[in-house]
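Undergrad: Here you go, sequence then predicted model.
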Amino acid sequence: MLLRSLSITLITVGLASATFASADPKPKVSLVEARKIALARVPGTIVHEKKKTKKHGHVIYDIEIKPTSAKVDKKLEIDASTGQIVKIKDAKLKAKDD
């Protein structure tokens, strides 16, 4: 019984340390690389970009692009750890002051 309890404790500690290790504060993908990834997916001109830290220290890049072939700007979220595109959506239109 003691051995089983000890095994469960060690597994739990191992999983917890793996979770904290994945919250690397320094991104593996730079903003320059994220720009290239975004522009390869949506060709155009970068309008806005921002580095965001989500829950548990997970870092993503928000990149807004004015596409060459579309009227609506696109907003991409790129995972700073893997370089994968997490989300692509239409950017909200900002109201113009008339």
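TA: Right, received. Where do you want to start? Residues are numbered from 1 along each chain as shown.

Undergrad: Wasn't V32 part of a helix?
TA: Yes - under DSSP: H, G, I helix; E, B strand; the rest coil, V32 sits within a helix.

Undergrad: For it, give me its contacts.
TA: V32 makes no contacts at all, as judged by Cβ atoms under 8 Å, 6 or more residues apart in numbering. Where you see a C-beta, it was placed from the backbone N, CA and C, and this is true even at glycine.

Undergrad: doesn't V59 make contact with I78?
TA: No - counting by Cβ atoms under 8 Å, I78 does not reach V59; the two are 9.8 Å apart.

Undergrad: higher neighbour count, those two?
TA: I78 (27 against 19; other Cβ atoms under 10 Å).

Undergrad: shaky segments in the protein?
TA: 1-25, 93-98 (pLDDT under 70).

Undergrad: any idea where the helices of it begin and end?
TA: 2-22, 31-41 (DSSP state H).
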